[in-house]
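Asker: Here's my sequence, what's the structure:
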Amino acid sequence: MAFMRIAIVKLSALGDIIHAMVVLQFIKKYNQKILIDWVIEENYKQLLEYHPEVNKVHTVNLKKAKNQMSLSLVIDDYRKLRKLEVYDLVIDMQGLIKSAILSRIIPSKITYGFNRTSAREKIASFFYTKTFKIGYEENVIKRNFELVNFALNLPYNFVDLQYKLPFMFSSQTYKYLGLSNSKKNVLIIPGASHATKLYPVNKIARLSKLLDAKIIIIWGSVSERLLAEEIKTLNPKVIIMDQLSLNQLISLVGQVDLVIGPDTGPTHLAWASNIPSVTLFGPTPGYRNTLPSEKNKIIESKSNVNPLKIDSKDYSIQEIKVEEVFKAANNLLIEEMN
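Answerer: Numbers count the residues shown, from 1 in each chain. Modelled structure (predicted):
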């Protein structure tokens, strides 16, 4: 039996890619005769280049091209994708105009994607040869599952996710001097892509004092580094890590006992690694943007969130009580000890 060759297009961002990657183990579970390539933004290639179920990772530089207003980078991406061997099918899991165009550029017999009412950008649907309908407000992981199921006609069910295996792989296991051998290690993520997702630093500091654990803070930008330093000013016992590569971040998350953070990529890494987590939601819908489990808890603000129109002025995450976060986190730490 010949191998089926497929390409998955999911370009960015960190959390979105993680929510798509989970399908890989289920594709391979039901059909070992599928070779899977992935098209991704260059910045995120470390997420997939060590994944055992991915055959090849093809990178593009659309974000860099936009920032630099570089037509030559766009042309380079076009030429690179056009030279790929013909795939049996391409699946665009992003649903944006740019990802849809890329999916069509890649040589293939069939291109799958979300239909007009399901895609994030409706025009994207016109670039696919076959489309799938599922509500945009549905859970993002379920949307990914159902689209792949539609394209490959596999017998898996969404409930299979409760039995998922960890699916983050780094080039090596990094040893971190800040980790404790005697106490639980809790990773707290203060940063996020939007200010409305940030939990107040004074509340993070209070939480870090309440937890009987080694508290580690990570950051990815200068502004996030400043947040980390504010927290350390309020609680000198916290450890601020050096800036980490994606490989190092994946390795670190796999070594801690608990991750606490907002709706952002590094927090979702915990879910992908089967590491306990508490994810805080304010302006974004918790029911849609993650998949709670016994290990992975969510706490939502009282905001009435519309997934079709996110409120850029919704700072309701700031109203989540420290005591509520502590209770959820402490319960998870206790469960890990039993």
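Asker: How is the chain partitioned into domains?
Answerer: Following automatic domain parsing, the chain resolves into domains at 4-163, 184-337.
Asker: As TSV, those domains with distance to Tyr174 would be great.
Answerer: The C-beta positions use only the backbone N, C-alpha and C, and glycine is treated the same way. TSV is the format used below for those (distance: least, C-beta to C-beta, whole Å):
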stretch	distance to Tyr174
domain 4-163	13
domain 184-337	4
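Asker: the helices in the stretch 101-250 of the chain, which residues?
Answerer: 140-152, 201-210, 222-234, 246-253 (DSSP state H, counting those that start in this stretch).
Asker: Looking at those, which is nearest to Asn274?
Answerer: Distance to Asn274, taken as C-beta to C-beta, is lowest for helix 246-253 among the helices of the stretch 101-250 of the chain, at 10.4 Å.
Asker: Okay, and the beta partners of the nearest residue to Ser103 once chain neighbours are set aside?
Answerer: Leaving out its chain neighbours, the residue that sits closest to Ser103 by C-beta to C-beta, 6 or more residues apart in numbering is Asp92, at 4.1 Å. On the basis of DSSP bridges, Asp92 is bridged to Val9.
Asker: could I get the domains of the chain as JSON lines with distance to Gly178, mean pLDDT and mean neighbour count?
Answerer: As requested, the domains of the chain are exported to JSON lines (distance: least, C-beta to C-beta, whole Å; pLDDT from 0 to 100; neighbours: other C-beta atoms under 10 Å):
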{"stretch": "domain 4-163", "distance to Gly178": "22", "mean pLDDT": "96", "mean neighbour count": "18"}
{"stretch": "domain 184-337", "distance to Gly178": "4", "mean pLDDT": "96", "mean neighbour count": "19"}
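Asker: Name the nearest residue to Lys29, ignoring sequence neighbours.
Answerer: In this structure, Lys29 finds its nearest non-sequential neighbour in Tyr156, 7.1 Å apart by C-beta to C-beta, 6+ apart.
Asker: would JSON lines of the helices of the stretch 101-250 of the chain with distance to Leu11 be doable?
Answerer: JSON lines is the format used below for the helices of the stretch 101-250 of the chain (distance: least, C-beta to C-beta, whole Å):
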{"stretch": "helix 140-152", "distance to Leu11": "14"}
{"stretch": "helix 201-210", "distance to Leu11": "31"}
{"stretch": "helix 222-234", "distance to Leu11": "23"}
{"stretch": "helix 246-253", "distance to Leu11": "15"}
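Asker: Tell me if I am right that Trp271 is in a strand.
Answerer: No - residue state for Trp271 (DSSP: H, G, I helix; E, B strand; the rest coil) corresponds to helix; a strand is not indicated.
Asker: distance of it from Glu49?
Answerer: As judged by C-beta to C-beta, to the nearest Å, Trp271 and Glu49 stand 21 Å apart.
Asker: now do Lys232
Answerer: 33 Å.
Asker: Wait, the residue nearest to Ser103 touches Ser108, no?
Answerer: No - the criterion here is C-beta atoms under 8 Å, and Asp92 misses it with Ser108 at 10.7 Å.
Asker: Can you name the residues that contact the closest residue to Ile310 other than its chain neighbours?
Answerer: With C-beta to C-beta, 6+ apart as the criterion, Ile310 has its nearest non-adjacent residue at 5.7 Å, and that residue is Pro283. Taking C-beta atoms under 8 Å, 6 or more residues apart in numbering, we find Pro283 in contact with His194, Thr196, Lys197, Ser303, Val305, Ile310, Asp311, Ser312, Asp314, Tyr315, Ser316, Ile317.
Asker: Could you dump these into CSV and include distance to Asn149?
Answerer: Below are the contacts of Pro283 laid out as CSV (distance: C-beta to C-beta, whole Å):
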residue, distance to Asn149
His194, 31
Thr196, 33
Lys197, 31
Ser303, 32
Val305, 27
Ile310, 27
Asp311, 32
Ser312, 34
Asp314, 33
Tyr315, 38
Ser316, 35
Ile317, 33
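Asker: Quick check: Ile106 touching Val39?
Answerer: Yes - judged on C-beta under 8 Å, Ile106 makes contact with Val39 at a distance of 7.0 Å.
Asker: Find residues that contact each of the two.
Answerer: Ala7, Val9, Leu81.
Asker: Tell me which helix or strand the last one sits in.
Answerer: This means Leu81. Per DSSP states H and E, Leu81 falls inside helix 71-82.
Asker: gap between stretch 250-259 and the chain center?
Answerer: Here stretch 250-259 shows a centroid-to-chain-centroid distance of 15 Å under the convention C-alpha atoms, centre = their mean, to the nearest Å.
Asker: and if you look at stretch 87-95?
Answerer: The answer for stretch 87-95 is 19 Å, by C-alpha atoms, centre = their mean.
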